[in-house]
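S.K.: any chance you can model this:
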Amino acid sequence: MSIQLVIIVAYVAVLFGISFYAKRLAANGSTNFLFAGRKMGSGLVAVNVAGLAIGAASTIGVAEHAFSVGIAAGWYNAAWSAGALVMGLFAAAKYREMDCTTVPELFERYYDKNSRVIAVFGLVIIQMVITAMQYLAGGALLSSLLPEYFSFQGGMIASAVVFIGITLIGGLWSSGLSNIVSMILIYIGVLAGTFMSVSNQGGIAAIAAKLPANTDWFAPVGSLGLAMIVGWFAVMITQTISAQGPVQIACGAKDGKAARNGYLWGALMIFPIGFLCALMGMAAKVAYPGIKATMALPKIIMSLDPVLSGVTLAALWAADVSTACTLLLGAGTLFSQDIYKRFIAPGISESRYVVVNRLAILAIGLITLWFAFNAVGILRTLLIGLSLTTAFTVVFLFTMFAPGLCRKSSAFYTTLAGMLALAAWQVVPAVQIFAHPIYMEWFVCLGTFFLVAILDNEKIPAAAMASKGI
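M.R.: So this is what the prediction gives:
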């Protein structure tokens, strides 16, 4: 058995040990299971935020992109960091103080039942798309670095077993406590891997001298273009305010202050990882100029010392684990809270409701794994899928900061318009007049929101506008 596999197995054993400990913390009701009893302090919120952000796209994807465009690929993580910063400054405390559980619940609280239903549909799609990406990345990582033990499909199945198992056992407590270990491992692995990868190529100056001259590898924007980078920031700030994963973490904080500070600390933890992974991708470009970009990070990792490569491999897989667990929990919460409990069994007991949550997580995890096995190009559609959160963010911001413009039908029609616009972007090339779909989404969603404000005379209830936080 290779040293790398031993390290991976040891990491998995630690995660499951933490999860069984967390199971005791999550034993007394759905609030403990789904929201860690609303007892997470700033530190636990921070590692959860960072764990959610630092996933496959933020590590392997950034290194792959840097193989072609250089250090500018690291702005992907900087965009996530900006999203966490904005969430901390403007929204995290409000979510916690409102004592809500999901964005669809908030929609029905201030708008109507139809708004809740359409929001659930859109958010579940987003959660499943990003979770499928984690399966794909986990399979690619394990199969490329440990091909003697894992095929691509076998790596996806192994990843799914760990992702689903940890989430099923202890819920948000399990995810939160596991993220402490994962973030330590990610920082050790990525820092050490970057240092040794760069050192083995003679340092940054030597890498710069050996890279092809047709690209400005260390330029802040490089060949990416400013519109693309601004688009990343727009997507990440938008989705952090309204996607279920970030909202669930904020709602699990012990109070508004812990939610706010946790997001601010999380933003600091997220920022450097992208640029470090970009450096590894550039080192791979020098060391293995003829390989495919997708193999940039795996190839450079396996050239390191066995122990260091094992730790770095575990760190990259930890990034997958930390993201997938929170996503699965969020998707399960959306179904159990906003569909099953709201429309199917409103009087369900607490003990049975926890069982329903676990079954929902298992079912969604397996369905998403099937999607991953049959998906083509899902990695390329990640940012497009996240653009769908624009409608939810627009509605949330106006509800919080300008409720006088909100109408009873605002949430429904803004969300519907956002979905239709994104569908049009995918199938009608003529509408692709923007550099990124996020720009079109903001244009369409804001336009729809203001149009509804003009045409609909039924304002949201005065009691809702006067409630705490409005």
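S.K.: what's the burial count for residue 176?
M.R.: Burial measure for residue 176: 27 neighbouring residues, criterion other CB atoms under 10 Å. Quick note: C-beta positions are derived from backbone N, CA and C, even for glycine.
S.K.: contacting residues for it?
M.R.: 22, 36, 40, 44, 47-48, 252 (CB atoms under 8 Å, 6 or more residues apart in numbering).
S.K.: widest-spaced pair of the residues you listed?
M.R.: Maximum pairwise distance in these, criterion CB to CB, is 13.6 Å, between 22 and 47.
S.K.: ok, now how distant is residue 189 from residue 179?
M.R.: Distance, residue 189 to residue 179, using CB to CB, to the nearest Å: 15 Å.
S.K.: looking at the two, which one has more neighbours?
M.R.: Taking other CB under 10 Å, residue 189 and residue 179 do not tie; residue 179 has more neighbours (28 against 25).
S.K.: please give me every residue in contact with that one.
M.R.: For residue 179, counting by CB under 8 Å, 6+ apart, the contacting residues are 44, 47-48, 50-51, 322.
S.K.: try it again at 10 Å.
M.R.: Contact analysis of residue 179 by CB atoms under 10 Å, 6 or more residues apart in numbering lists 18, 44, 46-52, 54, 186, 249, 318, 321-323, 325-326.
S.K.: and it, helix, strand or coil?
M.R.: helix (DSSP: H, G, I helix; E, B strand; the rest coil).
S.K.: with residue 347 instead?
M.R.: Going by three-state DSSP: residue 347 is coil.
S.K.: that one - how many residues pack around it?
M.R.: Neighbourhood size, residue 347 [other CB under 10 Å]: 5.
S.K.: surely it and residue 340 touch.
M.R.: No: counting by CB atoms under 10 Å, residue 340 is not a contact partner of residue 347; they are 11.8 Å apart.
S.K.: rewinding a little: closest to residue 193 out of the contacts of residue 176?
M.R.: Of the contacts of residue 176, the one sitting nearest to residue 193 (CB to CB) turns out to be residue 47, at 20.2 Å.
S.K.: put the alpha carbons of the helix or strand hosting the closest one into PDB.
M.R.: Taking DSSP states H and E as the definition, residue 47 sits inside helix 42-53. Extracted C-alpha coordinates of helix 42-53, given in PDB (Å, rounded to 0.1, in the frame of the first residue of the first chain):
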ATOM      1  CA  SER A  42     -17.200  32.800  14.900                       C
ATOM      2  CA  GLY A  43     -14.400  30.200  14.500                       C
ATOM      3  CA  LEU A  44     -16.600  27.400  13.500                       C
ATOM      4  CA  VAL A  45     -18.600  29.600  11.100                       C
ATOM      5  CA  ALA A  46     -15.300  30.700   9.600                       C
ATOM      6  CA  VAL A  47     -14.000  27.200   8.800                       C
ATOM      7  CA  ASN A  48     -17.400  26.200   7.500                       C
ATOM      8  CA  VAL A  49     -17.400  29.200   5.100                       C
ATOM      9  CA  ALA A  50     -13.800  28.500   4.000                       C
ATOM     10  CA  GLY A  51     -14.600  24.800   3.600                       C
ATOM     11  CA  LEU A  52     -17.600  25.600   1.400                       C
ATOM     12  CA  ALA A  53     -15.600  28.000  -0.700                       C
END
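S.K.: tell me which helix or strand comes right after it.
M.R.: Defined by DSSP H and E, the subsequent element after helix 42-53 is helix 56.
S.K.: what distance separates the helix or strand following that next one from the middle of the whole chain?
M.R.: Counting by DSSP H and E, the element after helix 56 in chain order, helix or strand, is helix 62-69. Chain-centre distance of helix 62-69: 20 Å, with CA atoms, centre = their mean, to the nearest Å.
S.K.: same deal with stretch 171-179?
M.R.: Its chain's C-alpha centre and that of stretch 171-179 lie 15 Å apart, by CA atoms, centre = their mean.
S.K.: neighbours around residue 343, how many?
M.R.: Residues near residue 343, counting by other CB under 10 Å: 12.
S.K.: what's the answer for residue 207, then?
M.R.: Neighbour tally, residue 207, other CB under 10 Å: 20.
S.K.: who does the helix or strand where it lies touch, helix- and strand-wise?
M.R.: Remark: residue 207 resides in helix 204-210, with elements defined by DSSP H and E. Counting contacts by 3 or more CB pairs under 10 Å, 6 or more residues apart in numbering; DSSP states H and E, helix 204-210 packs against helix 152-200, helix 256-287.
S.K.: from residue 13, how far out is the spatially closest residue to residue 104 that is not a sequence neighbour?
M.R.: Leaving aside its sequence neighbours, residue 104 sits nearest to residue 119 (CB to CB, 6 or more residues apart in numbering; 4.0 Å). Going from residue 119 to residue 13 by CB to CB gives 39 Å.
S.K.: more crowded one of the two?
M.R.: Taking neighbours as other CB under 10 Å, residue 119 and residue 13 compare with residue 119 leading, 28 against 10.
S.K.: roughly how far does the more buried one sit from residue 282?
M.R.: Counting by CB to CB - residue 119 and residue 282 are separated by 41 Å.
S.K.: what's the answer for residue 219, then?
M.R.: 12 Å.
S.K.: same check on residue 315?
M.R.: Distance of residue 315 to residue 282, given as CB to CB: 19 Å.
S.K.: ditto for residue 203
M.R.: Relative to residue 282, and taking CB to CB, residue 203 is found at 12 Å.
S.K.: any residues in contact with both of residue 219 and residue 282?
M.R.: What both residue 219 and residue 282 touch, as defined by CB under 10 Å, 6+ apart, is the set 69-71.
S.K.: who wins for most neighbours among those?
M.R.: Most neighbours among the shared contacts of residue 219 and residue 282, by other CB under 10 Å: residue 70, with 26 neighbours.
S.K.: got the phi and psi for that residue?
M.R.: The phi/psi pair for residue 70 (degrees, to the nearest 10) reads phi 100, psi -160.
S.K.: ok, and the closest non-adjacent residue to it?
M.R.: residue 217 (3.6 Å).
S.K.: low-confidence ranges, this structure, go.
M.R.: For the chain, the stretches flagged by pLDDT under 70 are 1, 375-385, 462-470.
S.K.: tabulate the contacts of residue 176 (a markdown table), appending neighbour count and distance to residue 360.
M.R.: A markdown table is the format used below for the contacts of residue 176 (neighbours: other CB atoms under 10 Å; distance: CB to CB, whole Å):
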| residue | neighbour count | distance to residue 360 |
| --- | --- | --- |
| 22 | 24 | 18 |
| 36 | 29 | 18 |
| 40 | 27 | 22 |
| 44 | 23 | 24 |
| 47 | 26 | 25 |
| 48 | 33 | 20 |
| 252 | 29 | 18 |
